[in-house]
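Colleague: What shape does this take:
(chains A and B)
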Number of protein chains: 2
Amino acid sequence: MNIILKGNICYSKTISDFVEYENSYLVCENTEVVGIFSEIPERYKSFPVKDYTDCIIIPGLVDLHVHAPQFAFRGLGMDVELLEWLNTYTFPEEIKYEDIEYANNAYQLLADAIAKSETTRACVFATIHKPATIDLMQKLENTGIISYVGLVEMDRNAPEKLCQISADEAYEITDSWINESKNRFKNTKPILTPRFIPTCTYELMLNLGELQVKYKLPVQSHLAENLSELEWVQELYPECASYAQAYNQFGLFGSEDGVSVPTIMAHCVWCDESMVNLIKDNNVYVAHCPQSNINLSSGIAPIRHFIDKEINIGLGTDVAAGASLSIFRAISDAVQASKLYWRLIDDNGKPLSIYEAFYLATAGGGSFFGKVGKFENEYEFDAIVIDDKDAKSAYPLTISERLTRVIYNTADYKIVDKYVRGENVWNV
Amino acid sequence: MNIILKGNICYSKTISDFVEYENSYLVCENTEVVGIFSEIPERYKSFPVKDYTDCIIIPGLVDLHVHAPQFAFRGLGMDVELLEWLNTYTFPEEIKYEDIEYANNAYQLLADAIAKSETTRACVFATIHKPATIDLMQKLENTGIISYVGLVEMDRNAPEKLCQISADEAYEITDSWINESKNRFKNTKPILTPRFIPTCTYELMLNLGELQVKYKLPVQSHLAENLSELEWVQELYPECASYAQAYNQFGLFGSEDGVSVPTIMAHCVWCDESMVNLIKDNNVYVAHCPQSNINLSSGIAPIRHFIDKEINIGLGTDVAAGASLSIFRAISDAVQASKLYWRLIDDNGKPLSIYEAFYLATAGGGSFFGKVGKFENEYEFDAIVIDDKDAKSAYPLTISERLTRVIYNTADYKIVDKYVRGENVWNV
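Modeller: This is a model prediction of the structure:
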């Protein structure tokens, strides 16, 4: 819609350039940003103005990696590492989504929480179950956010009930799921989702590679999260130069042209330089999930190094290995993790600033969706309006200080409106 | 008062023994716990019963290290290490507390936030300013929590306006502050507070040692937080075997008898074994402030090692190096920091469990105040009542799972009542 938001507007132009505009006008024409103005330009005088004076207006936040069925055990089961965590907590929970009634209830709780969150875009893992996955897509569509949702592919190294019966049956089911879902929703699209190398046979990966070519779908998966996982992948694919190559051999690890296989790899904690180079060369997105990597004792991803290499990076909550859906929390987690990386692992390259992490959470991950995450001309108009009037301060704060305090969850604040492609989807 | 709370009651008996009692009765006689019962014993049948059915009742939480004046810049200024942070953000803010009007307003905001928090006991740093410190004590008294508050001692290596004029004048002012405050409040008591070795001259420390003997006051300070600080102390006291010994030479580092010099040292991130042994031998409390140690890129304290040595440990928020006053957050931070310690520094000794960290936040720090932090006979009756009825779950949770979810801030919950020494002080 055509609308003008009035308030204190800020966003990251680049990773090193955070800008703030006090008491200004953010103009939206149809679904896109026109720009930020100190006075309304003549041409837009007819647009309705929504007055958010004193509020803070920021781009919508992007969660580049989250597991919908795991929301059910968020904040629980934090006592083991990845592989044991999968077997003990994750797989038993995901099996439940065969039951559409259970899934319906659990996914509604997730969708309600995402609707109330600062997230406007998300890349979501479901389970292997097609009916529940389509149900999840409908529920996410209802929240107004824009998302990719993946039917999870796995046919080995997991409980039988959580494995597709065969690679061929997986092909059939995935093919029919893609056809049923790809044009069904305006804002919710399918994404190819091999869980990770250890749970997918060679044949299954071949089939997914075929489906990728057939439908030009984007891809999401996990890479180099945990040391035991890394060893395991090496055992499974001794002929591959790296974990990254294990995906790449099937055409499921980005592409040099940057458009034919859009790919997100979560974690990338333990990447040797050959993997880093393949990530870079193939334009793969890193979904950095700092809290998850801490909760599962995985480690800390070398984000400064990825930034220096100009790799695409966004933030992910990775619920339930990350405890909460908050991308604000992910921003401060990213800063904190980078400080420990600097202190304990490598003091070349400084820790992330809060503004750099904010960039990752907006334009960084947003670019996976197109022109998303900035308040610049032709960018899609995703915005969050934050009211922090109840946050009392002993002295006057700048807009960016107020935002920082919100991000660190040390200000009383509430989200008052959420716009996605120009439409206000807030309904809480 | 005599009262019985009905609800789901849990606490840590020891660091390794977390217990939960569904739908039970917690009996308080005067200011103390009698015990937990599945039915009200005959003897207490006359006590009024407060019905918190479905709520969770836990011991009040203890913040063993927090800086009151720094609340004003919580969540801000997280971009540098300790010594630069002090000069850039902390000292300029603390200078303002010479102005009693500024202090009055800023401390009221802090007191309001503590009143709304899960904290029932706290050890608090003020500034060098006596009037503002007494004002702070009055405000904390009004919240109903029990606290020690320290006039901060410093006479070098800080801006002139934040240094006491001389060691002798510091003695006089501190002496008069102690006399004016020690019997003025029921719940708020003075504690001797040399800021840290670098900001206190030899003469000042001697004087504080004298005051400690004169009044038998407890002591709080900082120890081995940051590597540059550690080097600096070594330069200042080359004759001392360690940073710990620099305090100990003045009688300001605990005592072998465990009662004559009750002492809290915040951080203890970089303690060699001689320091660890002196902490242990002198019964010093470690105030573990995991988030602060991350925000200032200080490092991670070896908490498992301290636990193995049976050292006294509590948790501290260390606002404003820690962003928030939440001890729930400090609990999950402690768990997360210990995981990275295990992964990146030393994989001997496993990470903390959430229940171990919960113990530190209750009985661990509570014991500095006496019999505090457990629901056992003769313990002081401090309790928090948590209503998480709005936290929907896809499947039924145990009490401890519900509490864990509250701690990780992934459940909708509110505190409904807060008891300190048997009195309900909740007034929000």
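
Colleague: Quickly find the element holding the residue of the stretch 101-250 of chain A found nearest chain B.
Modeller: The nearest approach of the stretch 101-250 of chain A to chain B comes at A:Ala106, 3.7 Å away (CB to the nearest CB). (Glycine included, C-beta is placed from N, CA and C.) Secondary structure assignment for A:Ala106, by DSSP states H and E: helix A:100-115.

Colleague: is stretch A:125-142 up against chain B anywhere?
Modeller: No. On the criterion CB under 8 Å from any CB of the partner chain, stretch A:125-142 is out of touch with chain B, staying 12.4 Å away.

Colleague: Next, the buried residues of that stretch.
Modeller: Using 16 or more other CB atoms under 10 Å in any protein chain shown as the test for burial, stretch A:125-142 gives A:125-130, A:132-142.

Colleague: and if you look at stretch A:151-160?
Modeller: By neighbour count with 16+ other CB under 10 Å, stretch A:151-160 contains the buried residues A:Leu151, A:Val152, A:Glu153, A:Met154, A:Asp155, A:Asn157, A:Ala158.

Colleague: I'd like the average pLDDT over that stretch.
Modeller: Mean per-residue pLDDT for stretch A:151-160: 97.

Colleague: repeat for stretch A:244-252
Modeller: Mean predicted lDDT for stretch A:244-252 stands at 98.

Colleague: what does it contact?
Modeller: Residues from elsewhere that reach stretch A:244-252 (CB atoms under 8 Å, 6 or more residues apart in numbering or on different chains): A:192, A:194, A:197, A:205-206, A:208-209, A:212-213, A:219, A:221, A:223-224, A:233, A:236-237, A:240, A:253-254, A:261, A:263, A:265, A:271, A:274-275, A:278-279, A:282, A:284.

Colleague: for stretch A:364-371, same thing?
Modeller: A:15, A:59, A:62-64, A:121, A:123, A:146, A:218, A:262, A:264, A:285, A:287, A:312-316, A:372-374, A:378-380, A:382.

Colleague: buried ones in it?
Modeller: For stretch A:364-371, burial by neighbour count (16+ other CB under 10 Å) applies to A:Gly364, A:Gly365, A:Gly366, A:Ser367, A:Phe368, A:Phe369.

Colleague: quick one: secondary structure of the residue nearest the centre of chain A?
Modeller: Geometric centre of chain A, nearest residue: A:Leu64, 1.2 Å, by CA atoms, centre = their mean. State at A:Leu64, reduced to three classes by DSSP: H, G, I helix; E, B strand; the rest coil: strand.

Colleague: Might you report the residue contacts of it?
Modeller: By CB under 8 Å, 6+ apart, the contact set of A:Leu64 is A:Ala122, A:Cys123, A:Ile264, A:Ala266, A:Tyr285, A:Ala287, A:Gly314, A:Leu315, A:Gly316, A:Gly365, A:Phe368.

Colleague: now do A:Asn30
Modeller: Applying CB under 8 Å, 6+ apart, the residues near A:Asn30 are A:Met1, A:Asn2, A:Gly422.

Colleague: Show me which of those residues is closest to chain B.
Modeller: Among the contacts of A:Asn30, and counting by CB to the nearest CB, the member closest to chain B is A:Gly422, at 30.2 Å.

Colleague: okay, now that closest one: neighbour count?
Modeller: By the criterion of other CB atoms under 10 Å in any protein chain shown, A:Gly422 has 18 neighbours.

Colleague: I'd say it and A:Phe381 touch.
Modeller: Yes. With contacts counted by CB atoms under 8 Å, A:Gly422 reaches A:Phe381, the gap being 4.3 Å.

Colleague: shared neighbours of those two, anything?
Modeller: A:Cys28, A:Thr31, A:Glu32.

Colleague: Spatially nearest residue to the first one, not counting backbone neighbours?
Modeller: Closest residue to A:Cys28 in three dimensions, ignoring its sequence neighbours and counting by CB to CB, 6 or more residues apart in numbering or on different chains: A:Phe381, at 4.3 Å.

Colleague: what's the spacing between that neighbour and A:Tyr52?
Modeller: 14 Å (CB to CB, to the nearest Å).
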